[in-house]
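Visitor: sequence unknown, structure follows:
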Ligand SMILES: Cc1cc2nc3c(=O)[nH]c(=O)nc-3n(C[C@H](O)[C@H](O)[C@H](O)COP(=O)(O)OP(=O)(O)OC[C@H]3O[C@@H](n4cnc5c(N)ncnc54)[C@H](O)[C@@H]3O)c2cc1C
């Protein structure tokens with residue numbers, strides 16, 4: 001384990017923006033993680049846990065503590081004695097998320113296929129409760145193994161203890177931020193029914209006259225749709241959707257629909273609905289394709305900010321604030337960021 005000093009973080013993030021980390025280390029095992037945490041404790045350094053860097057914006061000044069990049073590998077598949085219809089897949093937090101999805105689809109295990117091609121690592125999936133195309137990680141996560149960054153203690157969280165919600169979990173709350181995810185276990189079905197009810201998937205099936213859609217086909221469809229809609233992180237600096245879709249009261253939604261009848265909304269519960277942030281940014285603020293110096297909004301997705309030409313973190317933040325201001329002015333809704341500022 002080598003601790004590097006003044007390490008550039010830019011190229012370890014998909015935005016490719018930001019200053020250096022005072023200290024930086026890659027860890028590939030629980031022991032290395034313990035050693036890295038001891039180093040931070042001895043020097044009294046603030047910690048940042050890095051996965052694939054696909055949901056963060058590093059500030060231009062960088063990070064004045066220790067960045068620990070999680071590279072713990074391994075995928076293990078086990079039978080579940082009390083339920084012969086599922087298999088437990090235990091995965092190291094540093095495994096690339098889409099490599100896991102490809103692997104389990106090949107093994108004919110159901111549950112992760114709609115989450116194909118999401119950038120990042122397995123360890124970040126429960127933190128953010130990643131979701132796409134009608135599925136969320138919480139539906140298949142059985143347990144999450146962690147190390148408490150402050151005490152070094154190992155703790156395994158059950159699904160319920162993770163307190164999953166829309167792009168949220170216990171690990172994002174103040175009391176959960178100390179926990180470093182080391183392994184995640186998924187319960188995947190040996191036989192299942194593919195979920196193609198999400199609008200984009202249903203339209204793709206119809207327009208391509210597909211029949212007998214199986215697990216592999218769902219993965220291929222999701223990858224194809226995502227490649228068409230979203231920028232390729234190998235070529236374009238971005239962190240994907242910058243904002244969450246706001247969850248608002250049914251009362252506010254009814255009020256907004258008087259003025260904006262086409263505003264898409266999705267059921268949440270008896271009192272609340274989720275409305276489309278992309279629709280508001282596109283249709284109310286005309287922001288799709290908007291260019292602002294070195295930063296821009298993607299021409300096919302109004303939620304996605306892109307680093308066009310060596311942008312600074314401050315330029316991204318300024319554009320994000322413009323987007324927040326516009327939606328606030330038109331709808332009274334304050335957009336909440338999905339991307340984390342470091
Ligand atoms: C083009 C593009 C498309 C995207 N599409 C989607 C999408 O469809 N759905 C979706 O939900 N997200 C999407 N995202 C966002 C992103 O891919 C996810 O949030 C992903 O889970 C981030 O993983 P990461 O390893 O890159 O995390 P990072 O960006 O490195 O970190 C994100 C957060 O997780 C924490 N973290 C990371 N690893 C650990 C760990 N082992 N233990 C504790 N905390 C940890 C970090 O400290 C940080 O708070 C997209 C991003 C891009 C760039």
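Guide: Nice, I can see it. Please read all numbers here as calculations on a predicted model, not as lab measurements.
Visitor: retrieve the pLDDT associated with the closest residue to residue 134 other than its chain neighbours.
Guide: Take residue 134 and drop its neighbours on the chain: the residue closest to it by Cβ to Cβ, 6 or more residues apart in numbering is residue 198, 3.8 Å away. Where C-beta positions appear, they are placed from N, C-alpha and C, glycine not excepted. Here, the pLDDT recorded for residue 198 equals 91.
Visitor: now do the helices in the stretch 201-342 of the chain.
Guide: Under the criterion DSSP state H, counting those that start in this stretch, the stretch 201-342 of the chain contains helices at 215-229, 250-259, 277-279, 313-331.
Visitor: residues contacting stretch 186-200, please?
Guide: For stretch 186-200, the external contacting residues (Cβ atoms under 8 Å, 6 or more residues apart in numbering) are 80, 83, 85-89, 91, 104, 108-114, 133-135, 140-142, 202, 205, 213-215, 217-218, 221, 225.
Visitor: at 6 Å what do you get?
Guide: Identification of contacts with stretch 186-200 by Cβ atoms under 6 Å, 6 or more residues apart in numbering yields 85-89, 104, 109-111, 133-134, 140-142, 213, 218, 225.
Visitor: repeat that for stretch 91-102.
Guide: With Cβ under 6 Å, 6+ apart as the test, stretch 91-102 has contacts from 70-75, 112, 116-118, 120-123, 181-184.
Visitor: and that stretch, what's buried?
Guide: Residues 91-95, 97-98, 100-102 are the ones in stretch 91-102 that count as buried (16 or more other Cβ atoms under 10 Å).
Visitor: those residues also near the ligand: which ones?
Guide: residue 93 (Cβ under 6 Å from any ligand atom).
Visitor: could you work out the most separated pair of the buried residues of stretch 91-102?
Guide: By the measure Cβ to Cβ, 93 and 102 form the most distant pair in the buried residues of stretch 91-102, at 17.7 Å.
Visitor: do you know the pLDDT at the residue in the stretch 151-300 of the chain positioned nearest to the ligand?
Guide: When scored by Cβ to the nearest ligand atom, the stretch 151-300 of the chain has residue 240 as its residue closest to the ligand, at 2.6 Å. Note on residue 240: pLDDT of 95.
Visitor: up against the ligand, what does the stretch 101-250 of the chain have?
Guide: Within the stretch 101-250 of the chain, the positions adjacent to the ligand are 118-121, 123-125, 127-128, 130-132, 180-181, 230, 233, 238-240 by Cβ under 6 Å from any ligand atom.
Visitor: run the last query once more with 8 Å
Guide: The stretch 101-250 of the chain comes close to the ligand at residues 115, 118-125, 127-133, 137, 146, 167, 171-172, 179-182, 226, 230-233, 238-241, as judged by Cβ under 8 Å from any ligand atom.
Visitor: so of the residues you listed, which ones are in strands?
Guide: Among these, the ones falling in strands (DSSP state E) are 131-132, 146, 179-182, 238-241.
Visitor: quick check, nearest of those to residue 291?
Guide: Looking across these and measuring by Cβ to Cβ, the closest to residue 291 is residue 238, at 14.2 Å.
Visitor: the closest one touches residue 303, doesn't it?
Guide: No. Contact between residue 238 and residue 303 fails when scored by Cβ atoms under 6 Å: they sit 10.4 Å apart.
Visitor: over to the residue lying closest to residue 58 once chain neighbours are set aside. Which of the three states is it?
Guide: Nearest non-adjacent residue to residue 58, counting by Cβ to Cβ, 6+ apart: residue 18, 2.6 Å away. Of the three states, residue 18 takes coil according to DSSP: H, G, I helix; E, B strand; the rest coil.
Visitor: isn't residue 18 up against residue 8?
Guide: No. Residue 18 is beyond contact range of residue 8, at 8.5 Å (criterion: Cβ under 6 Å).
Visitor: those two: which has the busier surroundings?
Guide: For the pair residue 18 and residue 8, the greater number of neighbours falls to residue 18 (26 against 14), based on other Cβ atoms under 10 Å.
Visitor: for the more buried one, what are its contacts?
Guide: Contacts of residue 18 by Cβ under 6 Å, 6+ apart are 9-10, 58, 313.
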